[in-house]
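Undergrad: no sequence for this one, just the structure:
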């Protein structure tokens, strides 16, 4: 249990957790609306480049010869 407490204290919290929020706090919290383009966009994957530079085109290689055609 000591390790879990130390780990929780080491991670900086960006805001209160669900355990710390009361109904009154939740009701008073403003609603943040998202633009429709952001809501409808494809989800970004962790593997996606975040630099803003265009991704390099994948190199096309000829299909390997296989016995499936025979």
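TA: Perfect, I can see it now. Just so we're clear, the structure is a prediction, and the values are computed from it rather than from any experiment. Numbering: from 1, shown residues only.
Undergrad: where in this structure is pLDDT low?
TA: 1-13, 46-70 (pLDDT under 70).
Undergrad: do that again at 50, thanks
TA: 1-2, 6, 8 (pLDDT under 50).
Undergrad: Next, the residues that contact stretch 24-42 from outside, please.
TA: residue 16 (C-beta atoms under 8 Å, 6 or more residues apart in numbering). Bear in mind the C-beta positions are built from the backbone N, C-alpha and C, glycine included.
Undergrad: If you count neighbours, what's buried in it?
TA: For stretch 24-42, a neighbour-count test (16 or more other C-beta atoms under 10 Å) marks nothing as buried.
Undergrad: end to end, how far does that stretch reach?
TA: Start-to-end span of stretch 24-42 (C-alpha to C-alpha, to the nearest Å) is 34 Å.
Undergrad: and what of stretch 23-35?
TA: Using C-alpha to C-alpha, the two ends of stretch 23-35 sit 27 Å apart.
Undergrad: what's the answer for stretch 19-32, then?
TA: Span of stretch 19-32 from end to end, C-alpha to C-alpha: 21 Å.
Undergrad: which SSE is residue 39 in?
TA: Here residue 39, judged by DSSP states H and E, is contained in helix 36-40.
Undergrad: go on, residue 34?
TA: Judged by DSSP H and E, residue 34 forms part of no helix or strand.
Undergrad: same thing with residue 17?
TA: In the assignment (DSSP H and E), residue 17 maps to no helix and no strand.
Undergrad: show me the contacts for it.
TA: Contacts of residue 17 (C-beta under 8 Å, 6+ apart): none.
Undergrad: and it, how far is that from residue 30?
TA: Going from residue 17 to residue 30 by C-beta to C-beta, to the nearest Å gives 19 Å.
Undergrad: swap in residue 20?
TA: 18 Å.
Undergrad: Over to residue 16?
TA: According to C-beta to C-beta, residue 16 and residue 30 sit 15 Å apart.
Undergrad: same question, residue 15
TA: Taken as C-beta to C-beta, the span from residue 15 to residue 30 is 13 Å.
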